[in-house]
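[1] the sequence and its predicted three-dimensional model are supplied below.
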Amino acid sequence: MRAAVVVFPGSNCDRDLAVAFQRAGAQVSMVWHKDTDLPEGVDIVGVPGGFSYGDYLRCGAIAAQSPICRAVKAHAERGGYVLGVCNGFQVLTETGILPGALLRNAGLKYICKTVDLVVKTSASVFTSGYNGGDTAAIPIAHHDGNYFADPETLAALHDQDRVAFTYAENPNGSARDIAGILSENRRVLGMMPHPERAADSGHGGTDGMALFRGLADALAPA
Amino acid sequence: MKARVHVMLKAGVLDPQGEAIRHALGAMGFDGVEGVRQGKVIELDLADGASEADVREMCEKLLANTVIESYTVDMG
């Protein structure tokens, strides 16, 4: 598995995401926001958490217009795999790669704590390491994680089994308790919780590691 | 030449910041504030010849996220 992790000015989970990919056996390259191309042969692009471009205008809005994001969008359109975590999820919605938007948390507070996620589908390379219905304890750390989409989009996500994770207890007002969603071809996952922060016993939990292992198992021969 | 863009959350999209302002106004004794919506104003200094259509394209592509926001454009 060859992975590339995007680094924007203000990214702060890029290294953690790269380490989680590496632990799962991936070869990882870091790509800068001004780069116009992804490295040759990349299977999966990680769009990390943080505060890209200071979250100016809207979270992820400026990043979505960066040169590297055009390459990420082209990669996704070619059927490439993309994982967007936290700010990375916001960037993927701002680019239009994933539907909907992330609003300010309903309680207005920045929330930083470990929460229980429910794995809603194991039918993706991201969630194949879990069983549907499993609970995974994964940290969240966000101010704008309140997933919003119009009723038709929410119905389509549900009907097409594209809700990857929900919150066992909704912390932020997200529609239908949504914590993470898949693209139509199931090759792009955006999620607000941080699996890379639950990928080492030193993190206090390892429930995120199954995501990276599942990815490595699915993409290893590529 | 200036253009002024107002960006607001669409009706039906929860605006927790507006709600917080409404609560604060109520707590300060300003009765009768039934709703508050918070938005943003973006002023653009434009070269002569820029059209409202140009500004609308900017709104669609960057200044507003039309999944959740609506916008209006005032030219001049």
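    Arrived safely. Numbers count the residues shown, from 1 in each chain, chains lettered A, B, ... in the order given.

[2] residues making contact with stretch A:23-43?
    With contact meaning C-beta atoms under 8 Å, 6 or more residues apart in numbering or on different chains, stretch A:23-43 is reached by A:1-9, A:14, A:18, A:21-22, A:44-45, A:52, A:63, A:66-72, A:75, A:80-81, A:199-200, A:209, A:212-213, A:215-216, A:219-220, A:222. No exception for glycine: its C-beta is placed from N, CA and C like everyone else's.

[3] the strands in chain A, which residues?
    A:2-7, A:27-32, A:44-47, A:81-85, A:101-103, A:111-119, A:135-142, A:146-148, A:163-167, A:178-182, A:188-191 (DSSP state E).

[4] output the contacting helices and strands for the longest one.
    Contact here means 3 or more C-beta pairs under 8 Å, 6 or more residues apart in numbering or on different chains; DSSP states H and E; on that basis strand A:111-119 packs against strand A:135-142, strand A:163-167.

[5] pull the distance from stretch A:188-204 to the chain's centre.
    10 Å (C-alpha atoms, centre = their mean, to the nearest Å).

[6] using CSV, list the CA coordinates for it.
    Output of stretch A:188-204 as CSV, limited to C-alpha atoms (Å, rounded to 0.1, in the frame of the first residue of the first chain):
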residue,chain,number,x,y,z
VAL,A,188,-13.6,7.8,0.0
LEU,A,189,-14.2,8.0,3.7
GLY,A,190,-14.6,11.3,5.6
MET,A,191,-14.9,11.1,9.4
MET,A,192,-14.7,13.7,12.2
PRO,A,193,-13.2,11.2,14.8
HIS,A,194,-9.5,10.5,14.8
PRO,A,195,-8.6,6.8,14.2
GLU,A,196,-4.9,7.8,14.1
ARG,A,197,-5.1,8.9,17.7
ALA,A,198,-6.3,5.4,18.8
ALA,A,199,-3.6,3.4,17.0
ASP,A,200,-1.0,2.7,19.6
SER,A,201,-1.2,1.4,23.2
GLY,A,202,0.5,4.6,24.2
HIS,A,203,-2.6,6.5,23.0
GLY,A,204,-4.7,4.9,25.6
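
[7] nearest spatial neighbour of residue 9, skipping sequence neighbours?
    Answering for chain A, as no chain was given. Spatial nearest neighbour of residue A:9, excluding adjacent residues (C-beta to C-beta, 6 or more residues apart in numbering or on different chains): residue A:53 at 6.0 Å.

[8] let me rephrase: I mean chain B.
    residue B:15 (4.9 Å).

[9] before we move on, what about residue B:74?
    residue B:4 (4.5 Å).

[10] how about the residues of chain A near chain B?
    Proximity of chain A to chain B (C-beta under 8 Å from any C-beta of the partner chain) is limited to residues A:57-58, A:61, A:65, A:93-94, A:99-101, A:103-108, A:146, A:148-150, A:173.

[11] okay then, goodbye and thanks.
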